[in-house]
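In: here is a sequence with its predicted model. Questions after.
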Amino acid sequence: MRHFLKFPMDLILSDIHANLHALRVVLRYAKRRAVSRFVFLGDLVGYGAQPNQVLDRIQELKPRSLVRGNHDRACARPQEDASFSFPARMAAAWTRERLTREHLRFLQEMPEGSQWVGDEYQIAHGSPLDEDAYLLHPREALQAFEGFSSQLCFYGHTHLPGGFEFDPGRGALTWVHLEAGQWFQLREGCRYLINPGSVGQPRDRDARLSFASYDPQRKRVRLHRMEYDQAGAARTIRAAGLHPNLAERLLHGI
């Protein structure tokens, strides 16, 4: 007998990067768990070799909310992003040439963060102050708390799961370690920036895909790490003629 979730959960997905092999695993998990609420933190495309297939799946899900990422923006416009590495610029140009007209319009119309998800929490791609900013250090994170008003904001961009807890009463900022498979309880009176990691291109030296569940009723977050066919995803990148480094890094989570 299938056990349905007592409370509705949101799946928080970021940085898919046109990796259909990884996304399929997440969607199989969601189907088994009867989860139907999806939230995307941007960078749906770029790097990977199956952008149209990934965008088809995402549009079929009718996401609860989503924001654009810097790669979504770069793939939707003809100007090159000077901050991109050569493999990233190459992938953005390759993607732009192959997107369907409908998918190109979808990327062009994606909203910039930060955005509210209902009245429960907010989402951004990078910092809620700047979608291109990486939140890696405490000083950057402390400033980012000024960019949203909810207790919780999910963000992506770094491809690194974890986040920051800010206790205004003590003026204390601490790193949040998310243990895969374990619930992390938000504390009353504290505020949070939480990164679910990357579905399509993990960079914490763990090649398994990464995403999060959020339980808005109980205010708790759970990190998920799952195996997927990295070798198959790498083969599609090589077969497309994209930079080989984009294939190799999938195998090592870097």
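Out: Received, thanks. Numbering: from 1, shown residues only.
In: how close does the residue lying closest to Ser83 once chain neighbours are set aside get to Gln53?
Out: Among residues not flanking Ser83 along the chain, Asp132 sits closest, at 7.3 Å (CB to CB, 6 or more residues apart in numbering). The way it works is simple: take the backbone N, C-alpha and C, and place the C-beta from them, glycine included. Note on Asp132: its distance to Gln53, by CB to CB, to the nearest Å, is 27 Å.
In: again, but for Ile194
Out: Distance of Ile194 to Gln53, computed by CB to CB: 28 Å.
In: run through the stretch 1-150 of the chain and note the low-pLDDT ranges.
Out: The stretch 1-150 of the chain contains residues with pLDDT under 70 at 1-7, 80.
In: can you give me the helices for it?
Out: 20-32, 51-61, 70-75, 86-98, 101-108, 138-144 (DSSP state H, counting those that start in this stretch).
In: for the third one, C-alpha coordinates in PDB please.
Out: As requested, C-alpha coordinates have been extracted for helix 70-75 and formatted as PDB (Å, rounded to 0.1, in the frame of the first residue of the first chain):
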ATOM      1  CA  ASN A  70      22.400  33.300 -14.500                       C
ATOM      2  CA  HIS A  71      22.700  30.500 -17.000                       C
ATOM      3  CA  ASP A  72      19.000  30.700 -17.900                       C
ATOM      4  CA  ARG A  73      19.500  34.400 -18.600                       C
ATOM      5  CA  ALA A  74      22.700  33.800 -20.600                       C
ATOM      6  CA  CYS A  75      21.000  31.100 -22.700                       C
END
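In: show me what that helix is packed up against.
Out: helix 86-98, helix 101-108 (3 or more CB pairs under 8 Å, 6 or more residues apart in numbering; DSSP states H and E).
In: contacting residues around the longest one?
Out: Helix 86-98 is contacted by residues 18, 45-48, 51-52, 71, 74-78, 80-81, 84, 104, 240-243, 245-246 when judged by CB atoms under 8 Å, 6 or more residues apart in numbering.
In: try 10 Å
Out: 17-18, 45-52, 70-78, 80-85, 103-104, 107, 237, 240-246, 249 (CB atoms under 10 Å, 6 or more residues apart in numbering).
In: buried sites along it?
Out: Within helix 86-98, the residues scored as buried using 16 or more other CB atoms under 10 Å are Ala88, Arg89, Met90, Ala91, Ala92, Trp94, Thr95, Arg96, Arg98.
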